[in-house]
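A.B. asks: This is a predicted model, with the sequence first.
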Amino acid sequence: MTTLPLRALAKGAQAYSAVFAASAAAPYLSRSTPVRMTGFDMDLVVASTTTVVEDVISFELRNPDGSDLPAWVPGAHLDVFLPSGAQRQYSLCGDPADRSSYRIAVRRIENGGGGSLALHDEVAQGDTITVRGPRNAFTFIDVESYLFIAGGIGITPILPMVREASRRGKNWTMIYVGRSLATMPFIDELQALEGGELELLPDDEFGVPDVAALLGRAEAGAAIYVCGPPQMIDTARILQRALNPTGSLHSERFSAPPVVGGHEFDVRLARTGVTVKVAADESALVAIRREVPGVRYSCQQGFCGSCKHAVIEGAVEHRDNKLRAEEREDSMLICVSRAAGDSLTLDL
């Protein structure tokens, strides 16, 4: 027979679930960790595709049975499995309040890693694709003042943040740069938001943006969010502390970060016996791909785990945000981690 304390405990658990997991407030009461260590897979239907601007297509994804999708917060992304099986990350750029669908937007990049070409050319309305997540590596914090700086397709994680800042009645400034207005997606959605200041600075009208001048627009103590070309992000990281020491800088990049403090080392690929030399300023992944072009990878930033390989011999300087302590004893993510000494041997 169920005792009174057990009944009370069960009711308490149900109340917790209703408020912290299933309610509309769930994303804000139960915050995502910076990087979710274990995702979950879903097969979603491509409900529609829309050409947003030149070379940018948005994909609306829904549950096949029409049920609500898991909650997410601004800054979250999906791991998308391409028809080839390769995995790529795309920011959620819809409205977190609408759980009927997810929206991602992808710019076609002819000489990129192939992910954008696969989505543009091989995925159509009515198709089913597998995704993992949502996961969050770009945390949206609660402050009184925000400065958002987006470059081109870097608007995708920023847009939901601006929308949320507007919804909360916060003080926000959105500076949006790109090659031209015709290549900058979601301008109309930004213009519809209230309570803040939107500034559009296309290169063909205003020239290359002065990052220091843009950062100078932030109020003291503001949260500054930057997403766009690597050069913009790297410059912001260098300048922000001097320009606004009481503020905080948050950034997300779509390409591999530069190697800092690296040294040259050798990687022996045990399955073929080939030894690859890794330069001080390149990743092990880049060097290995010269010999094994098909080696799997995705984020190139050490958080998705796609390029995990077993280490047979040698010490590793781990630079990832993914592996657990026990995994680091015999594995590494070759996109960011390096040899601690002169050489490594991988099961590859």
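C.D. replies: Here it is on my side, so go on.

A.B. asks: can you map out the helices along the stretch 151-300 of the chain?
C.D. replies: Secondary structure of the stretch 151-300 of the chain by DSSP state H, counting those that start in this stretch: the helices cover 155-167, 187-191, 203-206, 211-215, 230-243, 284-291.

A.B. asks: Point out the most buried one among those helices.
C.D. replies: Across those, averaging neighbours per residue (mean count of other C-beta atoms under 10 Å) puts helix 155-167 on top, at a mean of 24. To be clear about C-beta, it is placed using only N, CA and C from the backbone, and glycine gets the same treatment.

A.B. asks: hmm, back to that, would you format the helices of the stretch 151-300 of the chain as a markdown table with mean pLDDT included?
C.D. replies: Converted to a markdown table, the helices of the stretch 151-300 of the chain look like this (pLDDT from 0 to 100):
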| stretch | mean pLDDT |
| --- | --- |
| helix 155-167 | 97 |
| helix 187-191 | 98 |
| helix 203-206 | 96 |
| helix 211-215 | 96 |
| helix 230-243 | 91 |
| helix 284-291 | 92 |
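
A.B. asks: Any chance of a markdown table for these, columns distance to Gln87?
C.D. replies: A markdown table is the format used below for these (distance: least, C-beta to C-beta, whole Å):
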| stretch | distance to Gln87 |
| --- | --- |
| helix 155-167 | 18 |
| helix 187-191 | 28 |
| helix 203-206 | 32 |
| helix 211-215 | 31 |
| helix 230-243 | 21 |
| helix 284-291 | 14 |
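
A.B. asks: Of those helices, which is nearest Ala124?
C.D. replies: Within these, the stretch nearest Ala124 is helix 155-167; the backing value is 20.7 Å (C-beta to C-beta).

A.B. asks: Packing partners of the closest one?
C.D. replies: strand 87-91, strand 145-151, strand 171-178, helix 187-191, strand 223-227 (3 or more C-beta pairs under 8 Å, 6 or more residues apart in numbering; DSSP states H and E).

A.B. asks: Paired strands for the second one, with orientation please.
C.D. replies: I take that to be strand 145-151. Strand 145-151 has the following sheet partners, assigned by DSSP bridges: strand 171-178 (parallel), strand 223-227 (parallel).

A.B. asks: most tightly surrounded among the ones you listed?
C.D. replies: Ranked by mean neighbour count, these are led by strand 223-227 with a mean of 26 (mean count of other C-beta under 10 Å).

A.B. asks: where's that strand relative to the chain centroid, distance-wise?
C.D. replies: The chain centre lies 13 Å from the centre of strand 223-227; the measure is C-alpha atoms, centre = their mean, to the nearest Å.

A.B. asks: just stretch 93-106 next, same as before
C.D. replies: Averaging C-alpha positions (C-alpha atoms, centre = their mean) puts stretch 93-106 14 Å from its chain's average.

A.B. asks: Going by neighbour count, list what's buried in it.
C.D. replies: Cys93, Gly94, Asp95, Pro96, Arg99, Ser101, Tyr102, Arg103, Ile104, Ala105, Val106 (16 or more other C-beta atoms under 10 Å).

A.B. asks: Okay, now the unreliable bits of the stretch 101-250 of the chain?
C.D. replies: Along the stretch 101-250 of the chain, the parts satisfying pLDDT under 70 run over 112-113.

A.B. asks: hmm, back to that, ok, so of the buried residues of stretch 93-106, who is nearest Phe265?
C.D. replies: Val106 (35.2 Å).

A.B. asks: quick one: which helix or strand includes that closest one?
C.D. replies: Applying DSSP states H and E as the criterion places Val106 in strand 102-107.
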